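*Asks:* need coordinates for the following:
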Amino acid sequence: MLRSTLLAASVLLLNGCVAVSWPPMNGGGVAEIAPPERMRMMQIAASPTEQALLRELQDAEKRLEILLGKGAHRFAAAETTLAKRLCIRIRREVAGTLYSEAQADLIELQDRLVLIERSLAQIEPTQRGKRT
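*Replies:* Residues are numbered from 1 along each chain as shown. Predicted structure coming up:
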């Protein structure tokens, strides 16, 4: 009797675990799905250091968007993915007031953007329009 009661109780209690919906792989939250508006982040920045880092990040993100428009996601897919992840990471570091880490990652992001630009420069202009 005790055994069946424990079994029934555990089934009822653990049944709630099945209904939990987990985010997709690398979908770690709202910051990755819908990042805050850039200008809003600039307005609420507390310190000059934070404002400078966010401005630098904004410039790098604009540069990345331009490269994506030129087909970077097809011709330098790995570097593009890593650059996007760095943008998310930098945003988190700035929000957590980890300014030196954010600065180091901004340097790495700039280097990745240079690699992406070089990859795109090696592709002939006629190949950019073709789908692979």
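
*Asks:* in the helix ranked longest in the chain, what counts as buried?
*Replies:* In the chain, with assignment by DSSP state H, the single longest helix is helix 99-122. Residues of helix 99-122 classed as buried: 102, 103, 105, 106, 109, 112, 113, 116, 117, 119, 120 (neighbour count, 16 or more other CB atoms under 10 Å). From N, CA and C alone the C-beta is placed, and that goes for glycine too.

*Asks:* contacting residues around it?
*Replies:* Helix 99-122 has contacts (CB atoms under 8 Å, 6 or more residues apart in numbering) with 49-50, 53, 56-57, 60, 63-64, 67, 70-72, 75-76, 79-80, 82-83, 86-87, 89-90, 93-94, 128.

*Asks:* for stretch 118-132, what is the average pLDDT?
*Replies:* In this model, stretch 118-132 carries a mean pLDDT of 69.

*Asks:* let me have the buried residues of helix 99-122 in TSV, extended by distance to residue 5.
*Replies:* As requested, the buried residues of helix 99-122 are exported to TSV (distance: CB to CB, whole Å):
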residue	distance to residue 5
102	55
103	60
105	55
106	59
109	58
112	59
113	63
116	62
117	67
119	65
120	67
